[in-house]
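Student: 3D, please:
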Amino acid sequence: MIELKRVTDIPGPKSRALMEQRMKSVARGPFHVTPIFLERAEGSMVWDVDGNEYLDFAGGIGVQNVGHCRPEVVEAIKRQAEMYIHTCFNVIAYEGYVKLCDRLCRIAPGDFAKKALLVNSGAEAVENAVKASRHYTKRPGIIVFEDAFHGRTLLTMTMTSKFMPYKTGFGPFAPEVYRIPYAYCYRCSFGLKYPECGLHCVEYLDDFFITHTPADRIAAVVVEPVLGEGGFVVPPKEYLGCLHEKCREHGIILVDDEVQSGCGRTGTLLACEHFDLEPDVITMAKSMGAGVPISAVVGRAEVMDSAQAGGLGGTYCGNPLACASSLAVFDILENGTTLAHATRIGGELLQHLREMQQRFEIIGDVRGLGTMSAVELVKNRKTKTPAKEETGRIAEECFKNGLITITAGTRGNVMRFLMPITITDEQLKKGLKILEGALSKVTGQ
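Tutor: Now for the predicted structure:
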């Protein structure tokens, strides 16, 4: 098994010096999961400025699906940088933007005409999906879900469920945003059990349209096929299809937010493929550019074309370097082996996590699709009381032993795993061994 190189105490002197400078010059808002500063990264490994080596199970919060500094991506960026870096697509158009949009339209499921738009971030993609939906339907309302995360801008933080730290002190919030329960079966908002519940969380919309706002005022339902920041919650297979049918009954656009779940994270190009869902509109970001900021909105041509010329877009949207990087990413994802590897690795990950669940009482739930997997930690399996403090201690213990992880969940009690989907078997085995050791130390089991 691989051994992770340790040169200094963690954090080392160079990281400590940089952190002192950071505290003097950088605003407090951006948080830090780890106290180290990066020197280089490759595949699933990163090295800090002091020469210490780590396994990366965070991937820049789901941005490095194809691995850090993938050679094909680096080469594509270099080639583009030597030709031109920026013109603004609104001023002088370029082929990369068109080629990427064409590819996205082909990738998106559904036998109907599609068009795409490139922007810069996940939040910007969601905002533009809402703008297009509102313009097309001539309706103001948006429905989102409990435990959802859609971004940090005014509109998207309004759409986001978790209040602290994303919304605290930043109000007032955007109007006409409504929230309903998600199919979070482990913590059902209605106290029911699947499948006996009959997907009451979908049928609840009928009452919602009576007691909260009429359906003819709702432009779109924006849903994550697998909750991201909310704790990697996977709904029942038929849930999204039933939700889409309910939307169709009322002329509502279904927006599928694949910012974190897309680009191979679940073993398919898009997570909606697991649910046989053909969304009206899809948002993508994060691993789409392998670290170069880019995002996209792709959907039904009539919806995407409804906005007037100049109504959508921006100065940096679809930057040439980002387009080149993204095209290289999709070449990798569609090479016939990468997604198969992700599916196999994801299966092994879930199997190991379920084996840990048998040993450690603190693991209340194991869930996921592919390498988008997580464990929800509880103080008591019967009461399901969130083990937030223990979750933080386990993540800290992992880091002390060279494994970078990140937590999630509205209650702060979920450990999610976002390692590159190209991770090797040996690296996965090492990371899981570190995790198991951390669980053992914190729980005393």
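
Student: Can you point out the buried residues in stretch 62-75?
Tutor: Of all the residues in stretch 62-75, those buried under the rule 16 or more other CB atoms under 10 Å are Gly62, Val63, Gln64, Asn65, Val66, Gly67, His68, Arg70, Glu72, Val73. Every C-beta, even on glycine, is put in place using the N, C-alpha and C of the backbone.

Student: which residues does the fourth one contact?
Tutor: This means Asn65. With contacts defined as CB atoms under 8 Å, 6 or more residues apart in numbering, Asn65 is in contact with Gly59, Cys263, Gly264, Arg265, Lys286, Ser287, Ala290, Val329, Leu333, Pro420, Ile421, Thr422.

Student: Let me have these in TSV, adding neighbour count and pLDDT as columns.
Tutor: Output for the contacts of Asn65, formatted as TSV (neighbours: other CB atoms under 10 Å; pLDDT from 0 to 100):
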residue	neighbour count	pLDDT
Gly59	28	96
Cys263	29	98
Gly264	29	97
Arg265	29	97
Lys286	28	98
Ser287	27	98
Ala290	29	98
Val329	26	98
Leu333	22	97
Pro420	28	98
Ile421	29	97
Thr422	22	97
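
Student: Going along the chain, name the helices of the protein.
Tutor: Along the chain, counting by DSSP state H, helices occupy 13-25, 59-62, 71-83, 95-107, 122-137, 154-159, 200-211, 239-249, 301-304, 320-333, 338-359, 388-400, 425-443.

Student: So which of those is the most surrounded?
Tutor: Here the criterion is mean neighbour count by mean count of other CB atoms under 10 Å, and of the helices of the chain the winner is helix 122-137, at a mean of 24.

Student: The residue most central in space within the chain - nearest residue in space that isn't next to it in sequence?
Tutor: With distances taken as CA atoms, centre = their mean, Gln260 lies nearest the centre of the chain, 1.8 Å away. Excluding the flanking residues, the one nearest Gln260 by CB to CB, 6 or more residues apart in numbering is Gly228, at 3.7 Å.

Student: how far away is the one you found from Glu258?
Tutor: 10 Å (CB to CB, to the nearest Å).

Student: okay, these two: which has more neighbours?
Tutor: Ranked by neighbour count (other CB atoms under 10 Å), Gly228 and Glu258 place Glu258 first, with 30 against 27.

Student: pretty sure Phe360 is touching Thr443, no?
Tutor: Yes - in this structure Phe360 lies within contact range of Thr443 using CB atoms under 8 Å: 5.8 Å.

Student: Quick one: low-confidence residue ranges for this structure.
Tutor: 1 (pLDDT under 70).

Student: Outline the domain layout of it.
Tutor: Taking automatic domain parsing as the domain assignment, the ranges for the chain are 1-39, 72-333, 336-368+377-414.

Student: Tabulate those domains (CSV), appending distance to Ile434.
Tutor: Output for the domains of the chain, formatted as CSV (distance: least, CB to CB, whole Å):
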stretch, distance to Ile434
domain 1-39, 9
domain 72-333, 20
domain 336-368+377-414, 4
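
Student: Which one of those domains lies nearest to Lys430?
Tutor: For the domains of the chain, distance to Lys430 was read as CB to CB. The smallest value, 5.2 Å, belongs to domain 1-39.

Student: Looking at the buried residues of stretch 62-75, which are in strands?
Tutor: Secondary-structure check on these using DSSP state E: no residue lies within strands.

Student: Can you tell me which of these comes closest to Ala108?
Tutor: Taking the buried residues of stretch 62-75 together and measuring to Ala108 by CB to CB, the closest member is Asn65, at 17.7 Å.

Student: so what's that closest one closest to, chain neighbours aside?
Tutor: Ser287 (3.7 Å).

Student: ok, now which ones touch that neighbour?
Tutor: Contacts of Ser287 were listed using CB under 8 Å, 6+ apart, and they are Gly59, Gly62, Val63, Gln64, Asn65, Val66, Gly262, Cys263, Gly264, Arg265, Val329.

Student: Can I get those in TSV including distance to Ile10?
Tutor: What follows is those, written out as TSV (distance: CB to CB, whole Å):
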residue	distance to Ile10
Gly59	20
Gly62	24
Val63	23
Gln64	21
Asn65	27
Val66	28
Gly262	33
Cys263	31
Gly264	31
Arg265	28
Val329	32
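
Student: Can you give me the distance of the closest residue in space to Glu302 that isn't next to it in sequence to Gly431?
Tutor: Counting by CB to CB, 6+ apart, Tyr136 is the residue found nearest to Glu302 once chain neighbours are left out, at 6.9 Å. As judged by CB to CB, Tyr136 and Gly431 stand 45 Å apart.

Student: now swap in Cys323 and tell me
Tutor: In this structure, Cys323 lies at 33 Å from Gly431, with CB to CB as the measure.

Student: and the gap between Glu273 and Ala374?
Tutor: For Glu273, the distance to Ala374 (CB to CB) stands at 20 Å.

Student: The two: which is more packed in?
Tutor: For Glu273 versus Ala374, neighbours defined as other CB under 10 Å are more numerous around Ala374 (25 against 15).

Student: In this structure the more buried one contacts Leu418, no?
Tutor: No - in terms of CB under 8 Å, Ala374 does not count as a neighbour of Leu418; the distance is 9.5 Å.

Student: rewinding a little: now, which of the contacts of Ser287 sits nearest Glu42?
Tutor: Relative to Glu42, the closest of the contacts of Ser287 is Gln64; by CB to CB it sits at 10.5 Å.

Student: Test my guess that that closest one contacts Ile423.
Tutor: No - with contacts defined as CB under 8 Å, Gln64 does not count as touching Ile423, sitting 10.2 Å away.

Student: Pull the number of nearby residues for Pro30.
Tutor: By the measure other CB under 10 Å, the count of residues near Pro30 is 7.

Student: so what's it up against?
Tutor: Under the criterion of CB under 8 Å, 6+ apart, Pro30 has no contact partners.

Student: cool, and Arg265?
Tutor: Gly62, Asn65, Ala271, Ser287, Ala342, Gly370, Thr371, Met372, Leu418, Ile421.

Student: Can you report how many residues neighbour the third one?
Tutor: Residues within reach of Ala271, counting by other CB under 10 Å, total 27.

Student: so Leu254 sits right up against Cys242, yeah?
Tutor: No - with contacts counted by CB under 8 Å, Leu254 stays clear of Cys242, the gap being 11.2 Å.
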